[in-house]
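A.B. asks: show me how the following folds:
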Amino acid sequence: MGEREFAHLASEPDENVGVNLIATGIVTQFDAATGRCSFRASLAHDILDARWDYDVNAFVAAGDGETNCPVVDDVLPDDHLRMWLTTVGSMTYDNVMGGGNTAPVFLVHQVELLPEL
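C.D. replies: Coordinates of the predicted model:
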């Protein structure tokens, strides 16, 4: 998927449910708040040169979304990953400023650890 197609999908995830893609990104949050089977990541359509170039804030879930998710067993915060994903829609969450953010949500089927940036 090219940069333009990825940007379109990320901006309208509810209209692109079921679309399969390969994306790369940086794990930005994977802790008790996100749960054992999901994490936040900054994504892009391909491998980029710098961490800050990954600009699509997204949620990534694996397995059953709660306890059975072996595909992310070895994933850690700050990992640089290539991911095989399916778009499942969007979600809105509260931010620290008291407002809300909406982000695309993906189901991850496979991950590949990439070299650190």
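A.B. asks: now residue 13. Its backbone dihedrals?
C.D. replies: phi -70, psi -30 (degrees, to the nearest 10).
A.B. asks: burial of it, as a residue count?
C.D. replies: Residue 13: 22 surrounding residues under other Cβ atoms under 10 Å. Yep, even glycine has a C-beta here, placed from its N, CA and C like the rest.
A.B. asks: assign the closest residue to it other than its chain neighbours to helix, strand or coil.
C.D. replies: Nearest residue to residue 13 in three dimensions, chain neighbours excluded: residue 104, at 3.6 Å (Cβ to Cβ, 6 or more residues apart in numbering). Recorded secondary structure, residue 104: strand (DSSP: H, G, I helix; E, B strand; the rest coil).
A.B. asks: from memory residue 104 sits against residue 42, does it?
C.D. replies: No: using Cβ atoms under 8 Å, residue 104 is not in contact with residue 42, being 11.8 Å away.
A.B. asks: joint contacts of the two?
C.D. replies: 56, 58 (Cβ atoms under 8 Å, 6 or more residues apart in numbering).
A.B. asks: neighbour count for those two, which is higher?
C.D. replies: Taking other Cβ under 10 Å, residue 104 and residue 42 do not tie; residue 104 has more neighbours (23 against 18).
A.B. asks: show me what contacts that one?
C.D. replies: Residue 104 makes contact with 9, 10, 13, 56, 58, 59, 87, 89, 90 under the criterion Cβ under 8 Å, 6+ apart.
A.B. asks: and if we set it to 7 Å?
C.D. replies: Neighbouring residues of residue 104 by Cβ atoms under 7 Å, 6 or more residues apart in numbering: 10, 13, 58, 87, 90.
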